[in-house]
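Q: return atomic coordinates for the entry below.
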Amino acid sequence: MPISKEDLLKLVNLKQEVFKVSSWGNSEVIVRELTIAEASIYHQMIKDNKSLEEIIKYACKCTMVSPEMFTEEEMKNLNSTATSGLNEIFSNIQVIGKTEQQKEDFFNQQSETLKTSKSELTKEEEEKK
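A: Numbers count the residues shown, from 1 in each chain. Alright, predicted model coming up:
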């Protein structure tokens, strides 16, 4: 039986979730997945060797639903606690909307990749590292 449009939309709509930011006292924020266009820009920023700070700001601006991401003016006045929170959100962007098992698998794979010497990596894994 072919999939219905309603069932397909459930699969392809952007997923959101509540994320607890430990460096913000376990405050909860609502985050969502990157759109295809946003992910494309994000990956291009990495290829263009943009600064990590720029990449984190862009990705968090795209994914933070509530509260909305800080404005450029507000970003200038952020302390290290705020920056740590953004780093936590950024570190979890790739697992937004995934099951706990999928998250665990992802982070285990990342951990193993970091342990692997560059000579043992495939070209794609090497670029990610």
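
Q: most centrally placed residue in this protein?
A: By Cα atoms, centre = their mean, the chain has its centre lying nearest to Ile93, at 1.6 Å.

Q: got a list of what that one touches?
A: Val31, Glu33, Leu34, Ala59, Thr63 (Cβ atoms under 8 Å, 6 or more residues apart in numbering). All C-beta atoms are positioned from the backbone trio N, CA, C, and that covers glycine.

Q: sort out for me which of those residues are in strands.
A: Among those, the members falling in strands (DSSP state E) are Val31.

Q: for the residue nearest to the centre of the chain, report the pLDDT, please.
A: The score at Ile93 is 88. That number is its pLDDT.

Q: now it: how far from Leu9?
A: The spacing between Ile93 and Leu9, counted by Cβ to Cβ, to the nearest Å, is 22 Å.

Q: can you show me the CA trace of stretch 2-14 as PDB?
A: Output in PDB follows, covering the C-alpha atoms of stretch 2-14 (Å, rounded to 0.1, in the frame of the first residue of the first chain):
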ATOM      1  CA  PRO A   2       1.500   3.400  -1.000                       C
ATOM      2  CA  ILE A   3       2.200   5.900   1.800                       C
ATOM      3  CA  SER A   4      -0.400   8.600   2.300                       C
ATOM      4  CA  LYS A   5       0.500  12.300   2.000                       C
ATOM      5  CA  GLU A   6      -0.300  12.700   5.700                       C
ATOM      6  CA  ASP A   7       2.000   9.900   6.800                       C
ATOM      7  CA  LEU A   8       4.700  11.200   4.500                       C
ATOM      8  CA  LEU A   9       4.500  14.700   6.000                       C
ATOM      9  CA  LYS A  10       4.900  13.200   9.500                       C
ATOM     10  CA  LEU A  11       8.200  11.700   8.300                       C
ATOM     11  CA  VAL A  12       9.500  14.700   6.500                       C
ATOM     12  CA  ASN A  13       8.400  17.700   8.600                       C
ATOM     13  CA  LEU A  14      11.100  19.300  10.700                       C
END
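
Q: sweet, I'm off.
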